[in-house]
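Peer 1: Fold the stuff below for me.
(2 chains)
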2 protein chains.
Amino acid sequence: MPRFFIHQLARVDQLKLDSKDELRHLACVLRLKEGDELELVNGCGDLATAVIVRLTTAFVQLRILSFEHIERAGAPQLLLGCAIPKRSKLEDIIDKAVQLGVDEFFPLITERTEVRPRPQIVERYRKVAVAAVKQSGRLWSPVVHPPQLFPEFIASVSARTGLTMFIPWLGGERVALRQALSEPLRSQAGSLLFLIGPEGDFSPREVSLACTAGALPVSLGDNILRVDTAAIAVSAFTRLLYA
Amino acid sequence: MPRFFIHQLARVDQLKLDSKDELRHLACVLRLKEGDELELVNGCGDLATAVIVRLTTAFVQLRILSFEHIERAGAPQLLLGCAIPKRSKLEDIIDKAVQLGVDEFFPLITERTEVRPRPQIVERYRKVAVAAVKQSGRLWSPVVHPPQLFPEFIASVSARTGLTMFIPWLGGERVALRQALSEPLRSQAGSLLFLIGPEGDFSPREVSLACTAGALPVSLGDNILRVDTAAIAVSAFTRLLYA
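Peer 2: Below you'll find the model as predicted:
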């Protein structure tokens, strides 16, 4: 059954869907008609089925057939801070990270980041995230933050409680990610944050800043991974470790 | 130090590099000159450093400075059979899979594969793989097979010994991949083969064929992953589990 995103979803009898994007998807792409059934999610764990009772060019009137709230499983929150890459598109990383269950995404401007995105680009990133939520069947929406400078980002997240930070890095003393995510840590809830550096890696100063804030240097194996591959790899590994 | 690929690498004093692709990369992209040093690999575990003694438009004459053969670690071989996707490019999957250590790659034509590639496309796939070997610092080249039909592929691989097959699937009885790759299996060497279905998944007939040949149905979690995300996720998980 096709799935639509509606912020106002609640335990009610009828609902009006009037988001332009969702309306276009419903009427123009999927060509649904009055009487057709669909699923609704709000990104907060609510899932409903509904039938189209009226379809106009401005809105869709829906009658709710069933409604349930699904409790989140006990796995930790997964946070990904990723340097904005030059070659590969950050949109592709966000798309796959959301499919793989990332809960918060932080686009980072590091010393060696060559791209300086406009702050408004976050709107595009968020659209990609909503599309990935719908496509992957996720019930919880991720938070996509605006791009920020690495030191400001570290200062803001290091104030959070229950957060364990990992920084994959090519040099220095490190433990394998598998060992870092060993049983004692996995039995805690809390949040896991991964820091993914740019092409050319984090600068020594950035690694030192992250480690002073509590980040644990980890290794992702012998091969050198591109930014997008590393970001997707840590998301996939963590997701499948708790699946 | 920049790294170049040369099939003929051996424990010798001098070598001539005349592959057009490598020559263009060396002279036009990196603009190396006589006296510059570089690394050489052959994809079979040999690694050498060399200095350019002569540079012409047709070849580069190299003097070998050091040579070592590195033994492969005891981790199992990682094999990936992936339905050729419609939207995302198989080249992107091969690129990331090679970075993540996949040893053999099989592009698959399944019942629901909508693309029918020419057999010659394997040459392009192999170029992508060689580029990823160089970029990622791998010492062992992967084997990239030509596209083949799913039943023929299953018949050919099921004759191999020491192979454990997994088929991520959206329906039916499955175990979590983490459980499937539990300690007893991880202590064996052998090979692990993952079968990644197309958009719309494998057909029930294909799943049955794979399971009859010994494939274990596994789950990659609750979210629905696109072909490329699933292929990269299983490669990343397996790689990081043995890293």
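
Peer 1: tell me which element the nearest residue to A:Leu181 once chain neighbours are set aside falls in.
Peer 2: Nearest residue to A:Leu181 in three dimensions, chain neighbours excluded: A:Leu241, at 6.1 Å (CB to CB, 6 or more residues apart in numbering or on different chains). The way it works is simple: take the backbone N, C-alpha and C, and place the C-beta from them, glycine included. In the assignment (DSSP states H and E), A:Leu241 maps to helix A:227-242.

Peer 1: gap between that helix and the chain center?
Peer 2: Taking CA atoms, centre = their mean, to the nearest Å, one finds helix A:227-242 lying 12 Å from the centre of the chain it belongs to.

Peer 1: State the mean pLDDT of that helix.
Peer 2: Helix A:227-242 shows a mean pLDDT of 95 in the predicted model.

Peer 1: Who are the packing partners of it?
Peer 2: Applying 3 or more CB pairs under 8 Å, 6 or more residues apart in numbering or on different chains; DSSP states H and E, we find helix A:227-242 packed against strand A:77-83, helix A:90-99, strand A:163-168, helix A:177-180, strand A:191-196, helix B:90-99, helix B:177-180, helix B:227-242.

Peer 1: got the angle for it vs helix B:90-99?
Peer 2: Counting by axes from the mean of the first three to the mean of the last three CA atoms, to 10 degrees, helix A:227-242 lies at 70 degrees to helix B:90-99.

Peer 1: And the strands in chain A?
Peer 2: A:3-5, A:14-17, A:37-41, A:46-55, A:60-69, A:77-83, A:104-109, A:143-144, A:148-149, A:163-168, A:175-176, A:191-196, A:216-219 (DSSP state E).

Peer 1: Columns distance to chain B and mean neighbour count on top of these, output as TSV?
Peer 2: Below are these laid out as TSV (distance: least, CB to the nearest CB, whole Å; neighbours: other CB atoms under 10 Å in any protein chain shown):
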stretch	distance to chain B	mean neighbour count
strand A:3-5	10	19
strand A:14-17	22	16
strand A:37-41	13	18
strand A:46-55	12	17
strand A:60-69	15	16
strand A:77-83	12	25
strand A:104-109	15	22
strand A:143-144	17	18
strand A:148-149	26	15
strand A:163-168	10	21
strand A:175-176	5	15
strand A:191-196	12	25
strand A:216-219	7	19
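
Peer 1: and the ones you listed as TSV, adding distance to B:Asp21?
Peer 2: TSV is the format used below for the strands of chain A (distance: least, CB to CB, whole Å):
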stretch	distance to B:Asp21
strand A:3-5	46
strand A:14-17	53
strand A:37-41	48
strand A:46-55	52
strand A:60-69	54
strand A:77-83	29
strand A:104-109	34
strand A:143-144	39
strand A:148-149	39
strand A:163-168	30
strand A:175-176	34
strand A:191-196	30
strand A:216-219	31
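
Peer 1: so what's A:Gln188 scoring on pLDDT?
Peer 2: On the pLDDT scale, A:Gln188 is placed at 67.

Peer 1: can you check the one 3 residues further on too?
Peer 2: In this model, A:Ser191 is scored at 91, pLDDT.

Peer 1: How about it, nearest residue that isn't a chain neighbour?
Peer 2: Among residues not flanking A:Ser191 along the chain, A:Gln77 sits closest, at 4.0 Å (CB to CB, 6+ apart).

Peer 1: hang on, isn't the one you found packed against A:Phe194?
Peer 2: No. Distance between A:Gln77 and A:Phe194: 11.8 Å, which falls outside the contact criterion (CB atoms under 8 Å).

Peer 1: can you list the domains in chain A?
Peer 2: Split into domains by automatic domain parsing, chain A comes to A:3-69, A:77-242.

Peer 1: Highest mean neighbour count out of those?
Peer 2: Of the domains of chain A, the one with the most neighbours on average (mean count of other CB atoms under 10 Å in any protein chain shown) is domain A:77-242, at a mean of 19.

Peer 1: which ones are touching the closest residue to A:Glu114 other than its chain neighbours?
Peer 2: In this structure, A:Glu114 finds its nearest non-sequential neighbour in A:Lys86, 5.0 Å apart by CB to CB, 6+ apart. The contact partners of A:Lys86, by CB atoms under 8 Å, 6 or more residues apart in numbering or on different chains, come to A:Glu114, A:Val115, A:Pro198, A:Glu199.

Peer 1: Which single one of those residues is nearest to A:Gly35?
Peer 2: Using CB to CB, A:Val115 comes nearest to A:Gly35 of these, at 47.9 Å.

Peer 1: Confidence-wise, which helix or strand of chain A is lowest on average?
Peer 2: Every helix and strand of chain A was ranked by mean pLDDT, DSSP states H and E. The lowest is helix A:183-187, at a mean of 61.

Peer 1: Find the residue ranges of chain A scoring beneath the pLDDT cut-off.
Peer 2: Where chain A drops to pLDDT under 70, the residues are A:87-88, A:183-189.

Peer 1: Which residues does stretch A:130-137 contact?
Peer 2: Contacts with stretch A:130-137, where a contact means CB under 8 Å, 6+ apart, come from A:3-5, A:41, A:43, A:94-96, A:98-99, A:138, A:141-142, B:222-226.

Peer 1: Now for the contacts of A:Lys86: which two are most distant?
Peer 2: A:Val115 and A:Glu199 (10.6 Å).

Peer 1: residues bridging contact with the two, i.e. touching both?
Peer 2: Contacts common to A:Val115 and A:Glu199, judged by CB under 8 Å, 6+ apart, are A:Pro85, A:Lys86.

Peer 1: how close does A:Ile167 sit to B:Gly101?
Peer 2: Distance of A:Ile167 to B:Gly101, computed by CB to CB, to the nearest Å: 21 Å.

Peer 1: quick one, phi psi at A:Arg174?
Peer 2: A:Arg174 adopts backbone torsions of phi -150, psi 160, taken as degrees, to the nearest 10.

Peer 1: Return the residues in contact with it.
Peer 2: Going by CB under 8 Å, 6+ apart, A:Arg174 touches A:Pro217, A:Val218, A:Ser219.

Peer 1: Roughly how far does it sit from chain B?
Peer 2: Distance, A:Arg174 to chain B, using CB to the nearest CB, to the nearest Å: 11 Å.

Peer 1: what do you get for A:Asp103?
Peer 2: Distance from A:Asp103 to chain B, counting by CB to the nearest CB: 12 Å.

Peer 1: Is it correct that that residue is in contact with A:His145?
Peer 2: No. Assessed by CB under 8 Å, A:Asp103 is found out of contact with A:His145, at 11.6 Å.

Peer 1: Common neighbours of those two, please.
Peer 2: Residues touching both A:Asp103 and A:His145 by CB under 8 Å, 6+ apart: none at all.

Peer 1: Not counting stretch A:194-203 itself, show me its contacts.
Peer 2: A:78-87, A:108, A:110-114, A:150, A:165-171, A:206, A:210, A:215, A:226-227, A:230-231, A:234-235, A:238.
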